[in-house]
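Asks: show me how the following folds:
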Amino acid sequence: MGVAYCLFIVPQDRTFRPDSRQVANLANALREGGWVPLPQSGGHGSNALELLPTESKGGFTKQPVVEHAFPDAAISPAWIDSIRGHEMALSWSVQDVQEAKVEYPFTFDPWPESGSPYFDIRTVDGDDYFSEFAENIPWLEGTVLKCTCGAQLAYESGWSGFAGSRRIHRKCPDCGRAFDPSTLTCEIQDGWTGEPQIIMGGLTFRFALVINCGKYFPHEEERFRKFKPRNELLALWHSHIGVPFDQIDTVG
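Replies: Numbering: from 1, shown residues only. Sure thing, here's the model as predicted:
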């Protein structure tokens, strides 16, 4: 098992990207349910991030990021639209659950004697596909990321710290044909046993709800198998995003 744990909740239809109203409604529901902190609360560092395209694409190039403070009032679709042109991350980083006045997103606290749990919750979305990998999730090979016209669809956007640098064009830059990674077979390994599991589309998405636990997760297999996102949290996806989803763990 790796030393860091992250859970991605992504649409099974990898082409899906919710509209700004859906994203705003989800963000407000996360606030109202106490899953993410209000701006005036303590114990957290949170902001909205507008990720901009780079002129010189490359994995070691820094992707430009503009930080925006969350509004104190309800988040509106118009506010989402104003920062969502290329790629966007709504990021809530909780250092102290009690001070931030938030709910713990998993079924139990794995280290109750060690102090307050910490975690990040974020939404990430973009016009093109994000393509993530980890110790247990391989790259989708470039040979399968080609348009039928022969053009390579994978490219590097630059490093931001909020998402990996690899992207896949949603539409071929040469012929304009749409690309759907949902049809690609990806073999993901269990982080404990190495047992393979087939997930169509792998960890590609245009929209994701991400919970990053860092090192704060159970380090024994029996307890880890019971470490699940709370049903009340997943219900917000059903209510406001409304499409079937995959839960994909990354370790490393």
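
Asks: now for the closest residue to Glu135 other than its chain neighbours: which residues touch it?
Replies: Leaving aside its chain neighbours, Glu135 sits nearest to Gly252 (3.5 Å; criterion: Cβ to Cβ, 6 or more residues apart in numbering). C-beta here means a position set from N, CA and C on the backbone, and glycine is covered the same way. By Cβ atoms under 8 Å, 6 or more residues apart in numbering, the contact list for Gly252 reads 2-4, 134-136.

Asks: got the confidence number for Gly252?
Replies: Per-residue pLDDT puts Gly252 at 75.

Asks: one more: Gly176?
Replies: In this prediction Gly176 is given a pLDDT of 96.

Asks: what comes up buried for the helix or strand containing Arg206?
Replies: For Arg206, the host element (DSSP states H and E) is strand 204-214. For strand 204-214, the neighbour count (16 or more other Cβ atoms under 10 Å) marks 204-213 as buried.

Asks: and of those, the nearest to Pro77?
Replies: Phe207 (14.9 Å; Cβ to Cβ).

Asks: who is that closest one paired with across the strands?
Replies: For Phe207, the beta-bridge partners under DSSP bridges are Asp125.

Asks: I'd say it and Asp19 touch.
Replies: No. Using Cβ atoms under 8 Å, Phe207 is not in contact with Asp19, being 10.3 Å away.

Asks: next, count neighbours for the nearest residue to Ala154 once chain neighbours are set aside.
Replies: Closest residue in space to Ala154, ignoring its immediate chain neighbours: Leu145 at 4.4 Å, by Cβ to Cβ, 6+ apart. Leu145: 22 surrounding residues under other Cβ atoms under 10 Å.

Asks: thought Leu145 was touching Ile168?
Replies: Yes. At 5.8 Å, Leu145 counts as touching Ile168 under the criterion of Cβ under 8 Å.

Asks: between those two, what contacts are shared?
Replies: By Cβ under 8 Å, 6+ apart, Leu145 and Ile168 have these common neighbours: 153-154, 179, 181.

Asks: may I see the contacts of Gly252 arranged in a markdown table, with neighbour count as well?
Replies: Below are those laid out as a markdown table (neighbours: other Cβ atoms under 10 Å):
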| residue | neighbour count |
| --- | --- |
| Gly2 | 15 |
| Val3 | 11 |
| Ala4 | 16 |
| Ala134 | 21 |
| Glu135 | 14 |
| Asn136 | 22 |
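
Asks: now, which of those sits nearest Asn47?
Replies: Ala4 (21.6 Å).

Asks: any idea how far the closest one lies from Glu220?
Replies: Distance, Ala4 to Glu220, by Cβ to Cβ, to the nearest Å: 16 Å.

Asks: cool, and Ala74?
Replies: Taking Cβ to Cβ, one finds Ala74 at 41 Å from Glu220.

Asks: could you do Ala178 as well?
Replies: 45 Å.

Asks: ok, Thr148 next?
Replies: 47 Å.

Asks: repeat for Ile198
Replies: Note on Ile198: its distance to Glu220, by Cβ to Cβ, is 27 Å.

Asks: now Asp174
Replies: Distance, Asp174 to Glu220, by Cβ to Cβ: 50 Å.

Asks: neighbour-wise, which of the two wins?
Replies: When Asp174 and Glu220 are compared for neighbours, Asp174 comes out ahead with 13 against 10, by other Cβ under 10 Å.
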